[in-house]
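Chemist: Model the structure of this input:
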Amino acid sequence: KIKGLNDLSFLFIPFFQWILCPKNTIKSEVVKNTTKNKQMKGMVSMAKVIAICNQKGGVGKTVTTVNLGIGLAQAEKKVLLVDMDAQASLTLSLGYQPEQIEMTIAHIMGQYMSDNDIKSNVSKSILHHNEKVDLLPSNIELSGLEAALVNTMSRETVLRNSLKVLRDKYDYIIVDCSPSLGMLTINSLAFADTVLIPVQAQYLSIKGLEQLIRTISRVKIHINRKLDISGILITMANMRTNYSKELVTLLHQNYDGKLHIFKEYIPMSIKAAEISAEGTSIYIHDKNGKVAKAYEALVQEVLTWQK
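Modeler: Prediction:
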């Protein structure tokens, strides 16, 4: 046994059984709602918004955003990636230099907060990556905008209102959240349909889940009633060690039937870390590697949500 693992029992509380995960699984709810929508004639198809969220840094949020998004694009889906981190990790990971970009997500949100017309500016801000995904980039200006949000009316929904003009133009919008539970993350959750939580197979990463789940539940109650958790994605797992095996087993023992845990975990690999410097996806950098195969399986699982 790993010292301290028994202390994780506080995570497995029943409140998210009713507030986040009703008796039917999230996937079945998505299928039911999608089928219902398809039966309604004249309905415009709206993008499914996925927030990749964990307040702990270094758990694989950006790598997951890049490879899930590009994997969906390879499946002929139209995908927009949104960088909601002032550190601009997603923007950098796709090969762009944030300090050289004038039109960013901060600019769009700022224009909305100033009651300016943003339709033309939104389209001008979108970058087109050569792996068939679009990007709304970020830079350090986003940190200043977060401070300005404090005094803004309906501050929690600025992102949702700023980007609503794009929802009928994409199949998926994937938001790379900042590593915090501040106002930028609240905006991302208010905009999202579902949350995917990357969790590194380490004790501290798992222990931080309680606060994140409580934040998601509060957003669902007060701001975004349709918000759900699509599941926990185990990342950077070294299943050759007893440490990782025990943590993964613990997650399954306590979350199965309450929160979905994605079947495929993302293995520990230096190749996954290298792609950020390359500005490409894992499918180009190491297309036959174990990380690429794991993300391909994740993409297939996400695609089943709408079947």
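Chemist: in the stretch 51-200 of the chain, which spans are helices?
Modeler: 61-74, 89-93, 105-113, 119-125, 141-149, 158-163, 183-191 (DSSP state H, counting those that start in this stretch).
Chemist: Between the ones you listed, which one is closest to residue 300.
Modeler: Set against residue 300 and scored by CB to CB, the helices of the stretch 51-200 of the chain come closest in helix 61-74, at 8.6 Å. C-beta coordinates here come from the backbone N, C-alpha and C atoms, glycine included.
Chemist: what about that closest one, distance to the chain center?
Modeler: Offset of helix 61-74 from its chain centre (CA atoms, centre = their mean, to the nearest Å): 10 Å.
Chemist: if we can go back for a sec, could you point out which of the helices of the stretch 51-200 of the chain sits nearest residue 228?
Modeler: Using CB to CB, the helices of the stretch 51-200 of the chain put helix 183-191 closest to residue 228, at 10.9 Å.
Chemist: Any chance you could list what contacts that closest one?
Modeler: 49, 51, 53, 55, 82, 84-86, 142, 146, 149-150, 155-160, 163, 175, 177-178, 195, 215-216, 219, 223-224, 227 (CB atoms under 8 Å, 6 or more residues apart in numbering).
Chemist: ok, back up a step: weakest of the helices of the stretch 51-200 of the chain in terms of mean pLDDT?
Modeler: Ranked by mean pLDDT, the helices of the stretch 51-200 of the chain bottom out at helix 119-125, with a mean of 87.
Chemist: what does that one rub up against?
Modeler: 103, 104, 105, 107, 108, 111, 136, 137, 162, 163, 165, 166.
Chemist: Dump the C-alpha coordinates for that helix into CSV.
Modeler: Provided in CSV are the C-alpha atoms of helix 119-125 (Å, rounded to 0.1, in the frame of the first residue of the first chain):
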residue,chain,number,x,y,z
LYS,A,119,-18.4,39.0,-35.4
SER,A,120,-15.7,40.2,-37.8
ASN,A,121,-13.0,40.2,-35.1
VAL,A,122,-13.7,36.6,-34.2
SER,A,123,-13.1,35.3,-37.7
LYS,A,124,-9.9,37.4,-38.0
SER,A,125,-8.6,35.9,-34.7
